[in-house]
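> Sequence first, predicted model second:
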Amino acid sequence: MAIRPDALPTDPTALTEMVLALDAENEKLRVAMQTLKELIFGKRSERLAALVAEQLALDLDDLETGVTPPAAANDDVPAAKPPGKVRKKARRNIGALPRHLPRCEQVLEPEATACPCCQGRLHKIGEDVSEVLDVIPAILRVLRTIRPKYGCRSCTDGVVQAKVLPRLIESGMASTALVAHVVVSKFAWYLPLYRQVQILASQGIQLDRATLAGWVKRTAWWLKSLYELQLRTIQSAPRVFCDETPMPVLDPGRHRTRICQFWAHAIDDRPWGGPSPPAVAYVFAAGRGTEQIAGQLTDFSGILQVDGYAAYKALARNHGGEIQLAFCLAHARRKFVEVFKTTQSPFAREVIERLQAVYAIEAEIRGSSAEQRLAVRRARTAPLMEALKARLTTMVGQLFSQSKLAEAINYSLNHYAGLTLFLNDGRVEVDSNTVERSMRPIALGRRNSLFSGNEGGAESWAILSSILNTAKLQELDPQAYLTDVLERIVSGGTRSHQLHELLAWNWKAEHRRAA
């Protein structure tokens with residue numbers, strides 16, 4: 001509503017307060033508009049070099065002095081190596097193709113083997129060999145299973161025949177390998193079912209999308225017990241990463257989608273050589289409230305590494321100290337990155353640079369034992385974090401409480417105990433990027449498929465994504481892993497009390513021993 005001249009106060013003090021309030025509101029709206037522009041058109045990178053590149057490009061005078069952009073402030077960029085440390089050789093393929101691939105030889109003989117001078121017969125004196133990577137596209141074939149019958153000529157009851165092998169799709173015409181290919185294409189490589197139907201149609205196979213959806217549902221049914229075992233194994237670890245992401249689900253009665261949630265539970269002790277293998281399990285839930293996460297972590301006790309979402313804080317309060325929250329330093333840094341992008345605040349840049357030093361130390365000690373990491377953190381990182389806290393505390397009192405910079409500072413100060421928990425435990429990470437990386441496959445699949453058909457389809461999505469993404473974390477071929485697991489479960493070769501053998505990390509170890 002516009003302010004009319006007759007509505008303006010005559011008191012100078014009141015008029016000053018009104019102007020200051022309007023100025024603060026305009027600043028807040030300007031920042032919000034700039035933030036929306038950055039979300040739509042801006043770069044997503046949080047690296048400091050990317051943030052200030054445009055500003056440095058305008059300072060033409062600095063080019064003469066040899067000014068270079070500062071180092072990146074993101075944990076995904078390798079830190080500067082200390083002097084004396086041997087630099088690892090870059091992993092490049094200079095023509096040596098993998099040895100495990102089969103070789104198909106193609107011999108090119110010359111048109112004539114007679115000497116062009118004397119017409120004598122030429123003899124072989126050597127050869128040149130070159131290798132190129134070739135591909136055979138997926139080939140559809142019909143697998144015929146023949147069961148011969150054998151009878152005795154001396155009696156009438158002596159007929160012998162092999163038993164029918166159990167099948168993944170009963171009374172169906174799809175092999176386990178084909179069903180596994182459909183499942184892997186959708187949940188590991190994000191290819192929606194309708195696109196797979198089009199690909200099959202190009203090869204002369206006419207299938208309905210509902211048929212493929214039935215295969216997916218049946219596969220999830222067979223793997224549900226393995227999924228539940230994997231989820232229990234993850235939740236039994238003393239340190240678990242947790243995060244959530246929206247999942248649209250069709251709501252037939254309203255003729256639209258409703259927003260449900262995928263909760264991700266992840267473990268990974270590789271940064272300090274711990275016992276927990278890299279694994280992730282997704283849980284479908286109708287909402288993202290405290291009751292949903294509390295129902296999933298009923299028996300959990302230990303360290304939960306999360307962002308600052310209120311549901312996790314309520315969960316920790318309700319468990320009476322059994323759950324300790326370790327907050328994500330990347331989330332705190334991200335708020336200052338957003339402020340710097342919109343306002344070019346020198347203080348926000350200072351905070352980013354201070355956190356860059358923390359991440360540089362983490363890059364140096366990655367792979368060390370928990371004891372070594374803790375010693376380095378207490379000696380080098382703790383003073384940096386204490387100095388940062390002092391700067392934040394001093395600065396917040398000088399800012400308007402509703403400004404974005406004040407919000408970023410208050411977030412860091414209010415979560416400081418959880419943000420610095422890694423200074424007291426060498427096993428704890430500085431951020432929750434472990435689980436955030438595991439959210440990317442869900443986001444890619446959601447973007448391509450748009451939504452899940454119903455709650456049952458979302459549950460199948462959670463089951464199959466958990467199995468396949470954990471296999472990818474173990475650097476396994478999802479197609480080979482899933483096909484073998486399904487064949488062993490369907491055939492009865494692996495009983496319910498042996499399901500632990502099919503967990504991705506155990507399956508990988510077993511095949512390594514066999515090799």
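It's in. Numbering: from 1, shown residues only.
> Go over the secondary structure and confirm residue 242 is in a strand.
Yes - judged by DSSP: H, G, I helix; E, B strand; the rest coil, residue 242 forms part of a strand.
> Just the pLDDT at it, thanks.
On the pLDDT scale, residue 242 is placed at 96.
> Wait, it touches residue 304, no?
Yes - with contact defined as C-beta atoms under 8 Å, residue 242 counts as touching residue 304 (5.8 Å). In short, each C-beta sits where N, CA and C put it, glycine included.
> Which neighbours do those two have in common?
297, 312 (C-beta atoms under 8 Å, 6 or more residues apart in numbering).
> Secondary structure element for residue 363, which one?
Applying DSSP states H and E as the criterion places residue 363 in helix 346-365.
> Against which helices or strands is that helix packed?
helix 48-58, helix 329-343, helix 370-376, helix 382-396, helix 404-414 (3 or more C-beta pairs under 8 Å, 6 or more residues apart in numbering; DSSP states H and E).
> Mind checking the pLDDT average for the second one?
Per-region confidence: helix 329-343 scores 91 on mean pLDDT.
> do the fourth one as well
The average of the pLDDT scores along helix 382-396 is 94.
> Just want the angle from it to helix 404-414.
Taking axes from the mean of the first three to the mean of the last three C-alpha atoms, to 10 degrees, one finds helix 382-396 and helix 404-414 inclined to each other by 140 degrees.
> just so I have it, where are all the helices in the stretch 201-350 of the chain?
Counting by DSSP state H, counting those that start in this stretch, the segments of the stretch 201-350 of the chain that form helices are 209-235, 290-296, 310-318, 329-343, 346-365.
> One more: the stretch 1-150 of the chain?
Ranges of helices within the stretch 1-150 of the chain are 12-41, 48-58, 62-65, based on DSSP H, counting those that start in this stretch.
> Could you report the separation of the residue lying closest to residue 443 once chain neighbours are set aside from residue 134?
If the residues on either side of it in the chain are set aside, residue 443 comes closest to residue 245, at 6.6 Å by C-beta to C-beta, 6 or more residues apart in numbering. Distance of residue 245 to residue 134, computed by C-beta to C-beta, to the nearest Å: 39 Å.
> which of these two has more neighbours?
Each of residue 245 and residue 134 has its neighbours counted (other C-beta atoms under 10 Å); residue 245 has more, 16 against 9.
> The more buried one touches residue 261, doesn't it?
Yes - counting by C-beta under 8 Å, residue 245 touches residue 261, with 7.0 Å between them.
> can you name the farthest residue from the center of the protein?
Using C-alpha atoms, centre = their mean, the residue of the chain lying farthest from its centre is residue 118. It sits 68.9 Å away.
> Could you pull up phi and psi at that residue?
Per-residue torsions, residue 118: phi -110, psi 0 (degrees, to the nearest 10).
> that older thread, would you tell me which one of the helices and strands packed on helix 346-365 is buried the most?
Mean neighbour count (mean count of other C-beta atoms under 10 Å) peaks for helix 329-343 among the helices and strands packed on helix 346-365, with a mean of 22.
> Put the alpha carbons of that one into CSV.
Provided in CSV are the C-alpha atoms of helix 329-343 (Å, rounded to 0.1, in the frame of the first residue of the first chain):
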residue,chain,number,x,y,z
LEU,A,329,30.0,-26.8,8.2
ALA,A,330,29.3,-26.7,4.5
HIS,A,331,25.7,-25.6,5.2
ALA,A,332,27.0,-22.8,7.5
ARG,A,333,29.5,-21.7,4.8
ARG,A,334,26.8,-21.8,2.1
LYS,A,335,24.8,-19.1,3.9
PHE,A,336,27.8,-16.8,3.7
VAL,A,337,28.3,-17.7,0.1
GLU,A,338,24.7,-16.6,-0.7
VAL,A,339,25.3,-13.3,1.1
PHE,A,340,28.5,-12.7,-0.8
LYS,A,341,26.9,-13.4,-4.1
THR,A,342,24.1,-10.9,-3.5
THR,A,343,25.8,-8.2,-1.5
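> so where is the stretch 1-150 of the chain shaky, pLDDT-wise?
1-4, 6-7, 38-39, 41-87, 91-95 (pLDDT under 70).
> beta partners of the closest residue to residue 292 other than its chain neighbours?
Spatial nearest neighbour of residue 292, chain neighbours left out: residue 285 (4.2 Å); criterion: C-beta to C-beta, 6+ apart. On the basis of DSSP bridges, residue 285 is bridged to residue 261.
> mind listing what residue 285 touches?
Remark: with contacts taken as C-beta under 8 Å, 6+ apart, residue 285 is in contact with 260-263, 292, 295-296.
> Same question for residue 385.
Going by C-beta under 8 Å, 6+ apart, residue 385 touches 358, 419-420, 423.
> Residue 164 reaches residue 171, doesn't it?
No - here residue 164 does not reach residue 171: they are 11.3 Å apart, not a contact under C-beta under 8 Å.
> So if I had to pick from the two, which one is more boxed in?
The residue with more neighbours, out of residue 164 and residue 171, is residue 164; 8 against 5, by other C-beta under 10 Å.
> show me the contacts for that one.
By C-beta under 8 Å, 6+ apart, the contact set of residue 164 is residue 147.
> and with 7 Å instead?
Residue 164 makes no contacts at all, as judged by C-beta atoms under 7 Å, 6 or more residues apart in numbering.
> ditto for the one 10 residues further on
Residue 174 makes contacts with residue 215, as judged by C-beta under 7 Å, 6+ apart.
> do residue 215 as well
Taking C-beta under 7 Å, 6+ apart, we find residue 215 in contact with 169, 174, 179, 182.
> so which of the residues you listed comes closest to residue 329?
Residue 329 lies nearest to residue 182 out of the contacts of residue 215, by C-beta to C-beta, at 40.5 Å.
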